[in-house]
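Engineer: Here you go, sequence then predicted model.
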Amino acid sequence: MKASIHPTPLLAFAALMLCSHVQGQTIAASSNSLAVCSDHTVWAWGDNAFWQLGNGTNSNELTPTPNPSLTNVQAVACGLFNSMFLKLDGTVWACGFNAYGQLGTGNTSDSYVPVMVSGLTDISAIACGAGHAVALKSDGTVRTFGLNDMGQLGNGTTTNSSLPVLIGTLPGITAISAGNVRNLALDVNGNVWFWGIGFPSGVTSTPVQVAGLSNVIGIHAGGSQCFALRGDGTVWAWGNNVQGALGNGTTVSSTVPVQVSVLSDVVAISGGASNGVALRSDGSVWTWGLNNDGQLGNGTLVNSLLPMQVPGLAEVATVCAGAGHVFATSNDGTLWGWGRNEEGQLGNGTLASVLLPEPVEGLCPLATALPVQEEMFVQPMFPNPSDGNFTAHVDNRATIVDVHILDATGRTVLSEWLAANNGMVKVTSSGALPAGIYVVRMLDGLRVHQARLIIR
């Protein structure tokens, strides 16, 4: 641990974002960047002024660098000047800036290496705000800690806490997202809950349900706006719209959700300070809003009031927006980045911003990448998107002996299936899988048959 004198960060203007993807956030970005590798180690790069890379120094890293002290990690999150790591055993670890207790250690001393958050076990998801943090337990309850001047902790007070506190008023929660000074939670019935500071003003220190939204399958609390992804593939947004972050063709802000124009068949969402990112079921990426750092990835610095497709990307599996930069992970495990790079957060060895997607070189195999075994064949499946029940076409000569459905971290989440017949494999999930992007792998003893499955 390291005690220090803390400068006051500009919390109201920080942009620290979570990344939308299945079953665990394996890429995270703020002014630094984090990636979970297929071996569950962590690589980090970018801003390290407050030890947020967790490598024992405060020197920035311009290229991805492994952190040998972090193993068995399944998910990561970036705060303004701190980072969090969720391990496979359900414990949470944190490092960096801790003036408000956002490391959850019971004190306000910074830490230049990861330390365990006190009292958290059986955690399934994590999120970081500008000065606070949120953790979701597998039983659907939510804990928060850190800065609480705007009700960010959701416990009915505005008192900071350096230890996790329970939000007792939320129903069963399946997903969480933390913005600068606001939070979203998604419950089992597809309803969205909000707490913190709203737009244009007003503190909500206990969660309230967001009116006008139903059948929601994804959420994202951005810098000055919030996003919700509905089961019909549409995206809805509310908050500050001066830079076009709501994506509805106007600059009129809204206190209630409005539909983002142009978009359909969306499977994942993310956002930055005043910009949005969407991943469609065809693997294409769309961006809108503020573009002062090239975060729209379209080769310009011109804002866009409507979503535009990012050129040069295909077969993308995950998206993640940081503080002025964006990442996209393709199905083959390649990480693509663009936008702001003043702290080296794109990992390309320079400090120059990038206006079009370029691959992050020298990075470990990501947790979203599947190992290739001898021969691998992409197979058509229908329906896709699916409700979890689908049929896959395979080679008529193949005798399928094993079927697994993997989440984005490479973990098997389902192996329930019916025997192959006449070149088809029927899989029934009985609604056991949450919405998101998965990979179906079928083994015939010699070859691996693979296909991407989108579940809504």
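Structural biologist: Yep, it's here. All values derive from a computational prediction rather than experimental measurement. Residues are numbered from 1 along each chain as shown.
Engineer: Please look at L246 and F227 and confirm they touch.
Structural biologist: No: assessed by CB atoms under 8 Å, L246 is found out of contact with F227, at 9.0 Å. Quick note: C-beta positions are derived from backbone N, CA and C, even for glycine.
Engineer: list residues touching both of these two?
Structural biologist: A237, V260, G276 (CB atoms under 8 Å, 6 or more residues apart in numbering).
Engineer: what's the spacing between the second one and A49?
Structural biologist: V260 sits at a distance of 34 Å from A49 (criterion: CB to CB, to the nearest Å).
Engineer: Please compare these two by neighbour count and tell me which comes out ahead.
Structural biologist: V260 (26 against 16; other CB atoms under 10 Å).
Engineer: Enumerate every residue touching the more buried one.
Structural biologist: So V260 contacts F227, T234, V235, W236, A237, L246, G247, N248, G276, A278, W288, P307 (CB under 8 Å, 6+ apart).
Engineer: Rebuild the shared contacts of L246 and F227 as a markdown table, extending it with pLDDT.
Structural biologist: Formatted as a markdown table, those follow (pLDDT from 0 to 100):
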| residue | pLDDT |
| --- | --- |
| A237 | 98 |
| V260 | 98 |
| G276 | 98 |
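Engineer: so where's the chain shaky on pLDDT?
Structural biologist: Residues of the chain that meet the criterion pLDDT under 70 lie in 1-24, 200, 368-385, 387-402, 407-412, 415-432, 437, 443-452, 456.
Engineer: sorry, back to before: let's see which of the contacts of V260 end up in helices.
Structural biologist: Residues of the contacts of V260 located in helices (DSSP state H): none.
Engineer: Which of the residues you listed are buried? Put it as a PyMOL command.
Structural biologist: This is the PyMOL syntax for the buried subset of the contacts of V260, where burial follows 16 or more other CB atoms under 10 Å:
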select buried, resi 227+235+236+237+246+247+248+276+278+288+307
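Engineer: Filter the shared contacts of L246 and F227 down to the ones in strands?
Structural biologist: A237, G276 (DSSP state E).
Engineer: Turn the shared contacts of L246 and F227 into CSV, columns for distance to Q295.
Structural biologist: Listed next are those as CSV, based on distance: CB to CB, whole Å:
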residue, distance to Q295
A237, 16
V260, 16
G276, 10
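Engineer: Looking at the shared contacts of L246 and F227, which one is closest to I27?
Structural biologist: Of all these, G276 has the smallest distance to I27: 17.1 Å, by CB to CB.
Engineer: any idea how far that closest one is from N241?
Structural biologist: Noted for G276: a distance of 11 Å to N241, by CB to CB.
Engineer: Check S59 too.
Structural biologist: From S59 over to N241 (counting by CB to CB), the distance is 38 Å.
Engineer: ok, now L186?
Structural biologist: Counting by CB to CB - L186 and N241 are separated by 23 Å.
Engineer: list the residues that contact both of G276 and N241?
Structural biologist: With CB under 8 Å, 6+ apart as the test, G276 and N241 both reach Q225.
Engineer: all strands for the stretch 51-200 of the chain, in order.
Structural biologist: 61-67, 73-78, 82-87, 92-96, 111-116, 123-128, 132-137, 142-146, 161-167, 173-178, 182-187, 192-197 (DSSP state E, counting those that start in this stretch).
Engineer: Export these to TSV and append columns for mean neighbour count and distance to T334.
Structural biologist: Below are the strands of the stretch 51-200 of the chain laid out as TSV (neighbours: other CB atoms under 10 Å; distance: least, CB to CB, whole Å):
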stretch	mean neighbour count	distance to T334
strand 61-67	19	13
strand 73-78	28	18
strand 82-87	27	23
strand 92-96	27	27
strand 111-116	19	27
strand 123-128	25	25
strand 132-137	26	29
strand 142-146	27	34
strand 161-167	19	36
strand 173-178	24	25
strand 182-187	26	29
strand 192-197	23	32
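Engineer: Tell me which of the ones you listed sits nearest to H325.
Structural biologist: strand 73-78 (11.5 Å).
Engineer: between the closest one and strand 123-128, how big is the angle?
Structural biologist: Interaxial angle, strand 73-78 versus strand 123-128 (axes from the mean of the first three to the mean of the last three CA atoms, to 10 degrees): 20 degrees.
Engineer: so what does strand 73-78 touch, helix or strand wise?
Structural biologist: strand 27-29, strand 32-36, strand 82-87, strand 123-128 (3 or more CB pairs under 8 Å, 6 or more residues apart in numbering; DSSP states H and E).
Engineer: and with 10 Å instead?
Structural biologist: strand 19-20, strand 27-29, strand 32-36, strand 42-46, strand 82-87, strand 92-96, strand 123-128, strand 132-137 (3 or more CB pairs under 10 Å, 6 or more residues apart in numbering; DSSP states H and E).
Engineer: Indicate each strand paired with the third one and its parallel or antiparallel sense.
Structural biologist: By that I understand strand 32-36. Counting by DSSP bridges, the strands paired with strand 32-36 are strand 27-29 (antiparallel), strand 42-46 (antiparallel).
Engineer: Measure how that strand sits relative to strand 61-67, angle-wise.
Structural biologist: Going by the same axes, to 10 degrees, strand 32-36 makes 30 degrees with strand 61-67.
Engineer: Now find how far off-centre strand 32-36 is within its chain.
Structural biologist: 11 Å (CA atoms, centre = their mean, to the nearest Å).
Engineer: Just the C-alphas of it, formatted as PDB.
Structural biologist: Coordinates of each C-alpha in strand 32-36 appear next as PDB, following Å, rounded to 0.1, in the frame of the first residue of the first chain:
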ATOM      1  CA  ASN A  32      -5.400   3.100 -19.500                       C
ATOM      2  CA  SER A  33      -6.400  -0.200 -21.000                       C
ATOM      3  CA  LEU A  34      -6.600  -3.700 -19.700                       C
ATOM      4  CA  ALA A  35      -7.000  -7.100 -21.400                       C
ATOM      5  CA  VAL A  36      -7.600 -10.600 -20.000                       C
END
